[in-house]
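Asks: next input, structure requested:
(chains A and B)
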2 protein chains.
Amino acid sequence: MRVVKDALERKNEILDVAEELFVTKGYDKTSTNDILERVDIARGTLYYHFKSKEDILNAIIERINLSLIAKAKAIAKDTSISIPDRIVMTIAGLNVDTEIGHEIIDEVHKPQNALMHQKMQNDLVGKIVPILTGLVIEGNEQKIFNVKYPKETVEMLILYSCIVFDDDYDDIKENKDKRIEAFLHNMECLFGAEKGSLQKVMIKLFRR
Amino acid sequence: MRVVKDALERKNEILDVAEELFVTKGYDKTSTNDILERVDIARGTLYYHFKSKEDILNAIIERINLSLIAKAKAIAKDTSISIPDRIVMTIAGLNVDTEIGHEIIDEVHKPQNALMHQKMQNDLVGKIVPILTGLVIEGNEQKIFNVKYPKETVEMLILYSCIVFDDDYDDIKENKDKRIEAFLHNMECLFGAEKGSLQKVMIKLFRR
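Replies: I've put the predicted structure just below:
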């Protein structure tokens, strides 16, 4: 299996360099030549892994999504934390708040990348919904929630949060604050959770 | 004002013909030449109104949105109908269920039209939210609802319904039926409405 591992390593190496260049030079100003120079591989090797610069960006997004999902899974199974805590932490964790994240997100928000943006969001939503649904069912069993349609309810909340808490959507801070307040209030209502129980977690998280 | 009116009439005439051709021949197979032949105008006149075939499609979508909004406004102000009835009718009315609608919607769902799709949806959501928010506030005043964040709650429901009840999203009928059931249940919960009150309206609507 040595060859397979090397190919994966090479692929990740290309992505690491591309990610760094996209952040420092910007996506538009980075050429595949710039990437080749830094990784020191033949053009053929690059094109063996990726069809184009856009394809590289896609792979970077996939990698970010995978790491967000891994983080979410780790939180979800940590039974030392209460279920409301785990739910709010998982949702709050969906914000890509790193330097790399910002440059990639800016790129994804460009009009010409609408399809990519949509794919990225659908991919993330599709993977996060089962994780949170599991937590809601656990909450039902513990009688701290009372949710008749766990999957559909989680889907509603996540789709909404992905759109509305996206940097692109209505960037007036006041509106965003009110939306977060309303979101938590509505989540408590939909989950049949104790009033203020999820809001409390959010306040605790942001005080850290 | 005669000239202005004529220009608008001409514009609508182009859109009528284009709409018909897009439905009968398909968008891809329709050329601007086909449109010109049928409207019998000079190429310059067409390009005075629209930059490209895509621009014509955009204008058709705008016209569909405008007519959906007009319908929604008419329902919303009809005080002879109960508020739960008006709300469910407004949301159900957002489905473009005409032959013209279907061809246009199919076109909009193509990957290359992701940006247009997004724009169309944002435009519609942006215009429907204030109408429904007004109805929810009326419901609060009549004490049949109890909604702390009317605007944000309506926004959540409409964004979700636009995505999930879109033809493109998970077209398994069983899933869709369960989503509608869950949507109405959750809407009642968020509105603090009597249990089954909105579900009843939906059943009534579909029996018509």
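
Asks: three-state assignment of A:K51?
Replies: Assigned by DSSP: H, G, I helix; E, B strand; the rest coil, the conformation of A:K51 is coil.

Asks: next one: the one 5 residues further on
Replies: Applying three-state DSSP to A:I56 yields a three-state assignment of helix.

Asks: now do A:V23: how many residues are near it, please.
Replies: A:V23 has 18 neighbours, counted by other Cβ atoms under 10 Å in any protein chain shown. (Each C-beta comes from the backbone N, C-alpha and C, glycine too.)

Asks: hmm, it is touching A:E103, no?
Replies: Yes - the criterion here is Cβ atoms under 8 Å, and A:V23 meets it with A:E103 at 4.3 Å.

Asks: next, A:S82: phi, psi?
Replies: phi -70, psi 160 (degrees, to the nearest 10).

Asks: look up how far chain B lies from it.
Replies: 23 Å (Cβ to the nearest Cβ, to the nearest Å).

Asks: for that residue, give me the pLDDT.
Replies: A:S82 is assigned a pLDDT of 93 by the prediction.

Asks: show me what from chain A comes close to chain B.
Replies: For chain A, the residues in contact with chain B (Cβ under 8 Å from any Cβ of the partner chain) are A:111-112, A:114-115, A:117-118, A:148-149, A:152-153, A:155-157, A:159-160, A:163-164, A:178-179, A:181-183, A:185-186, A:189-190.

Asks: which parts of chain A are strands?
Replies: Assigned strands in chain A: none (criterion: DSSP state E).

Asks: what is the helix-or-strand element of it with minimal mean pLDDT packed up against?
Replies: Here the helix or strand of chain A ranked lowest by mean pLDDT, DSSP states H and E is helix A:99-108, holding a mean of 70. Here helix A:99-108 touches helix A:2-24, helix A:53-76, helix A:114-141, going by 3 or more Cβ pairs under 8 Å, 6 or more residues apart in numbering or on different chains; DSSP states H and E.

Asks: can you give me how far that helix is from the chain middle?
Replies: 12 Å (Cα atoms, centre = their mean, to the nearest Å).

Asks: and the contacts of that helix?
Replies: With contact meaning Cβ atoms under 8 Å, 6 or more residues apart in numbering or on different chains, helix A:99-108 is reached by A:19, A:22-23, A:26-27, A:57, A:60-61, A:64, A:96, A:113, A:116-117, A:120, A:167.

Asks: just give me the closest of the residues you listed to A:T90.
Replies: Of all the contacts of helix A:99-108, A:T90 sits closest to A:V96, with 14.1 Å by Cβ to Cβ.

Asks: please report phi then psi for A:K195.
Replies: phi -60, psi 130.

Asks: whoops, A:F145 was the one
Replies: According to degrees, to the nearest 10, A:F145 has phi -120, psi 170.

Asks: burial count for the nearest residue to A:V88 once chain neighbours are set aside?
Replies: Leaving aside its chain neighbours, A:V88 sits nearest to A:V201 (4.1 Å; criterion: Cβ to Cβ, 6 or more residues apart in numbering or on different chains). Using other Cβ under 10 Å, A:V201 has 21 neighbouring residues.

Asks: wait, A:V201 sits on A:T90?
Replies: No - assessed by Cβ under 8 Å, A:V201 is found out of contact with A:T90, at 10.9 Å.

Asks: what about chain A, any weak spots by pLDDT?
Replies: Applying pLDDT under 70 to chain A flags residues A:1-5, A:96-101, A:167-168, A:171, A:207-208.

Asks: and the residue of it positioned farthest from its centre, how close does it get to B:E138?
Replies: Within chain A, the residue lying farthest from the chain centre (Cα atoms, centre = their mean) is A:A42, at 32.6 Å. According to Cβ to Cβ, to the nearest Å, A:A42 stands 68 Å off from B:E138.

Asks: now do A:D177
Replies: 26 Å.

Asks: do A:L124 as well
Replies: A:L124 is 37 Å from B:E138, by Cβ to Cβ.

Asks: give me the domain ranges for chain A.
Replies: Following automatic domain parsing, one gets these domains for chain A: A:1-50, A:53-206.

Asks: kindly compare burial across the ones you listed and name the winner.
Replies: Compared across these, domain A:53-206 shows the largest average neighbour count, a mean of 17 (mean count of other Cβ atoms under 10 Å in any protein chain shown).

Asks: check contacts around the residue lying closest to A:S52 once chain neighbours are set aside.
Replies: Distances taken as Cβ to Cβ, 6+ apart place A:T32 nearest to A:S52, at 7.7 Å, with adjacent residues excluded. Contact partners of A:T32, counting by Cβ under 8 Å, 6+ apart, are A:R43, A:L46, A:S52, A:K53, A:I56.

Asks: quick one: residues contacting the residue farthest from the centre of chain A.
Replies: A:L36.

Asks: now it: phi and psi?
Replies: A:A42 adopts backbone torsions of phi -70, psi 150, taken as degrees, to the nearest 10.

Asks: any idea how far it lies from A:Y48?
Replies: On the measure of Cβ to Cβ, A:A42 and A:Y48 end up 9 Å apart.

Asks: likewise for A:H102?
Replies: Using Cβ to Cβ, A:H102 is found at 30 Å from A:Y48.
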